[in-house]
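**Q** I would like the atomic coordinates for the input below:
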Amino acid sequence: MSKQPTIPMSPTQLPQQRVYEVVDLPKRPKSFDCRVGYGCSPRDGLPKTGLDNAAYLCQVEWAWSPMHSRLDAYYLHRGRSEWSLWSKFWDDNWDRWKHIGIGTVDRRGVSQPQAGVYLLIAFWRQEITDSSLDQFHWINEAVDLSVAQLGAMAREVWGDDA
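**A** From the prediction side, this is the model:
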């Protein structure tokens, strides 16, 4: 992968969270027929080089209690014909990072920023339906997506109270 996620161990290691910068998300393409969900792999097959060239979008965390949390890092891979969104998550049963495909969309007419934003929005909306997912509690790393963009995306998914 292009960048290994790091887990912040203190609040000083988190990016600024209370930023109220108003940003416009990229315009959603008219034809954005995506597939999202766990195990959603590109039709071209898995990338031959792994996800070494994938763009690291961000890492967010849900912390419901000391024993119940979720930590997801999101990557966007540019395949021959599709953009694919991947989640890299910490498997605390085996103490290692694992990754899984979570979304794809045809590349035709879809830029990298559009693919990253709208695949992630679609995935989070699907997670609300599948597992009643609430808004993430922290942004651990904002790389290709800024903190302000992630805030705007959260408002799209979970509403203005997000």
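**Q** Provide a list of residues in contact with Asp144.
**A** Ala55, Tyr56, Leu57, Cys58, Leu76, Gly116 (CB atoms under 8 Å, 6 or more residues apart in numbering). In short, each C-beta sits where N, CA and C put it, glycine included.
**Q** ok, now with 10 Å
**A** 2-3, 55-58, 74-76, 112-113, 116-117 (CB atoms under 10 Å, 6 or more residues apart in numbering).
**Q** out of the residues you listed, which are inside strands?
**A** Using DSSP state E, the members of these that fall in strands are Ala55, Tyr56, Leu57, Cys58, Tyr74, Tyr75, Leu76.
**Q** related to what we said a few turns ago, so which of the contacts of Asp144 sits lowest on pLDDT?
**A** Among the contacts of Asp144, Ser2 carries the weakest pLDDT, at 62.
**Q** ok, the closest residue to Glu156 other than its chain neighbours - how many residues close by?
**A** Residue nearest to Glu156 in three dimensions, not counting chain neighbours: Ile121, with 5.6 Å by CB to CB, 6 or more residues apart in numbering. Under the neighbour criterion other CB atoms under 10 Å, Ile121 is assigned a count of 20.
**Q** where's Ile121 relative to Ala154, distance?
**A** Applying CB to CB, to the nearest Å, the value for Ile121 to Ala154 is 9 Å.
**Q** hmm, back to that, please identify the buried residues of the helix or strand harbouring the residue nearest to Glu156?
**A** For Ile121, the host element (DSSP states H and E) is helix 112-131. Buried positions in helix 112-131, judged by neighbour count with 16 or more other CB atoms under 10 Å: 113-124, 126-127.
**Q** Same question for stretch 52-68.
**A** Ala54, Ala55, Tyr56, Leu57, Cys58, Gln59, Val60, Glu61.
**Q** re earlier: the helix holding Ile121 packs against which elements?
**A** Counting contacts by 3 or more CB pairs under 10 Å, 6 or more residues apart in numbering; DSSP states H and E, helix 112-131 packs against strand 35-36, strand 55-65, strand 68-78, strand 82-91, strand 96-106, helix 147-158.
**Q** Out of these, which gets nearest to Ser131?
**A** strand 68-78 (9.9 Å; CB to CB).
**Q** hang on, the earlier thing: for the buried residues of helix 112-131, give me CSV that also has distance to Gln13.
**A** Supplementary listing: the buried residues of helix 112-131 in CSV, determined by distance: CB to CB, whole Å:
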residue, distance to Gln13
Pro113, 26
Gln114, 30
Ala115, 29
Gly116, 23
Val117, 25
Tyr118, 29
Leu119, 27
Leu120, 23
Ile121, 26
Ala122, 30
Phe123, 26
Trp124, 24
Gln126, 30
Glu127, 26
